[in-house]
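Participant: prediction below, plus the sequence it came from.
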Amino acid sequence: MTKVTFETATLADAIKKADRVAPGKGKAFDEAGGIVMELLPDQNLVALRATNQEIFYREWITAEIELGEGVEGPVSWRLPNMMVTPVITSLPIGTGKTVTFTEKESGVNNYIEFKSGRTKGKFNLMDMSYYPDWSVFDPDGLVQVADLGGRLSQVEWAVSKDTPPMTGVNFNGTAVRATDKYRLAQVPLEVPGLDEDNMVTVPGGMLGSILKQTGEVMVGFTEHQMLLMPNESTQIRLVLIGGQYPPVERVMKRDHTESVSFKKAELLEVVNRAIIAAGGDRLPTLKMYLGGELINVLVKSETSSILDAIEVPGACLHDRIEIMFTPKNIIDAISNAPNETVTMHYLLTDNKIVRIDGGTGYEAWAVVRKFSDA
């Protein structure tokens with residue numbers, strides 16, 4: 001019987017990151033569902049692998065490996081992440097806490113028996129026959145990029161759900177940005193080797209959470225992939241998204257004549273409370289009335305409405321104006337700003353798009369809704 005013992009905290013952290021990449025449904029799940037554990041007994045390492053066919057993730061973690069009689073390494077186990085992740089990440093962690101995986105034979109498919117303290121159970125193994133394979137890349141030639149994960153997490157909220165290449169985040173050498181046509185986010189990010197004539201777009205939506213706390217990341221490129229090494233034990237391959245990224249500079253308006261600064265948490269509290277009070281309408285209307293040193297927030301649904309306000313002393317000294325938003329667009333633009341104080345830039349008339357300045361170079365643009373039911 002092949003047996004592997006992990007430090008519980010180490011395995012739980014690695015499983016959690018791999019799970020973000022492993023697909024949960026659709027064609028990618030059929031082809032690449034689950035998390036693979038590749039046992040490397042000569043090195044006392046286990047390589048955890050996961051892919052959604054766009055992101056290829058590999059992390060090596062230390063483990064005590066005992067191969068079964070007559071078994072030669074390496075050995076690979078493909079496990080159902082939707083069962084493994086919640087179980088392993090809920091186990092007690094701390095000094096001396098371990099979890100052991102043991103492969104057991106059965107009449108049909110082998111399974112993994114796990115044990116941690118008094119907790120034990122089993123996971124059925126998935127078929128490895130058609131699971132994608134990808135190679136380890138050479139880190140030589142990669143360059144350092146500071147705060148890649150943090151910057152990605154500030155813009156990924158704006159990616160499109162279903163319209164390539166806007167389903168990805170775009171790097172132009174000096175900034176990273178994301179858009180779905182109705183909202184746009186951009187932050188400065190220096191990536192050597194890229195420029196306006198040599199931009200790349202990579203899948204967005206989960207990289208920020210994987211890389212957020214990693215500081216400097218080693219970055220490189222092949223013809224079709226972006227290569228990332230957040231640390232010596234992790235490698236990530238990203239498939240480059242084809243197609244020309246839209247010319248987002250056209251909507252990066254910075255000529256607004258008015259601005260108002262406010263505490264991010266204070267405004268979000270008012271907006272979120274209003275949305276909750278307005279009921280379960282899937283498409284509520286959010287109106288901001290600016291003027292008289294106040295930001296009034298009105299949320300209306302089909303069955304109810306609620307009005308609330310925050311004071312902005314010394315700002316919005318003009319006559320009251322109305323700006324209407326899709327709530328999620330303006331909430332996301334404000335909540336992802338890195339600073340506690342946020343500034344919104346707008347016009348007194350004919351607002352088509354407002355700009356959010358969130359500090360440290362963070363900028364977001366939200367399209368104003370054109371209709372009114374007032």
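Facilitator: Ah, there it is.
Participant: pLDDT weak spots in the stretch 51-200 of the chain?
Facilitator: In the predicted model of the stretch 51-200 of the chain, residues 73 satisfy pLDDT under 70.
Participant: and with 90 instead?
Facilitator: 67-74, 105-110, 129-130, 141 (pLDDT under 90).
Participant: tell me where the stretch 51-200 of the chain has helices.
Facilitator: Ranges of helices within the stretch 51-200 of the chain are 81-88, 148-155, based on DSSP state H, counting those that start in this stretch.
Participant: what's the last one in contact with?
Facilitator: It refers to helix 148-155. Residues from elsewhere that reach helix 148-155 (C-beta atoms under 8 Å, 6 or more residues apart in numbering): 169, 176-178, 185-189, 204, 207-214, 216-217, 219, 228, 230, 336-338, 358, 362. C-beta coordinates here come from the backbone N, C-alpha and C atoms, glycine included.
Participant: walk me through the domains of the protein.
Facilitator: According to automatic domain parsing, the chain comprises the domains 3-124, 143-249, 253-367.
Participant: and these as TSV, adding distance to residue 131 and mean neighbour count?
Facilitator: What follows is the domains of the chain, written out as TSV (distance: least, C-beta to C-beta, whole Å; neighbours: other C-beta atoms under 10 Å):
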stretch	distance to residue 131	mean neighbour count
domain 3-124	6	17
domain 143-249	15	18
domain 253-367	35	17
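Participant: export the ones you listed to a markdown table and tack on distance to residue 134?
Facilitator: Formatted as a markdown table, the domains of the chain follow (distance: least, C-beta to C-beta, whole Å):
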| stretch | distance to residue 134 |
| --- | --- |
| domain 3-124 | 5 |
| domain 143-249 | 6 |
| domain 253-367 | 31 |
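Participant: mind checking the SS state of residue 209?
Facilitator: helix (DSSP: H, G, I helix; E, B strand; the rest coil).
Participant: wait, it touches residue 20, no?
Facilitator: Yes - between residue 209 and residue 20 there is a contact under C-beta atoms under 8 Å: 6.1 Å.
Participant: of the contacts of helix 148-155, which belong to strands?
Facilitator: When the contacts of helix 148-155 are checked against strands (DSSP state E), the matches are 169, 176-178, 185-188, 217, 219, 228, 230, 358, 362.
Participant: residue ranges of the strands in the stretch 51-200 of the chain, please?
Facilitator: Counting by DSSP state E, counting those that start in this stretch, the stretch 51-200 of the chain has strands at residues 55-62, 64-66, 75-79, 98-104, 111-116, 119-124, 143-145, 168-171, 175-179, 183-188, 200-203.
Participant: all set, thanks.
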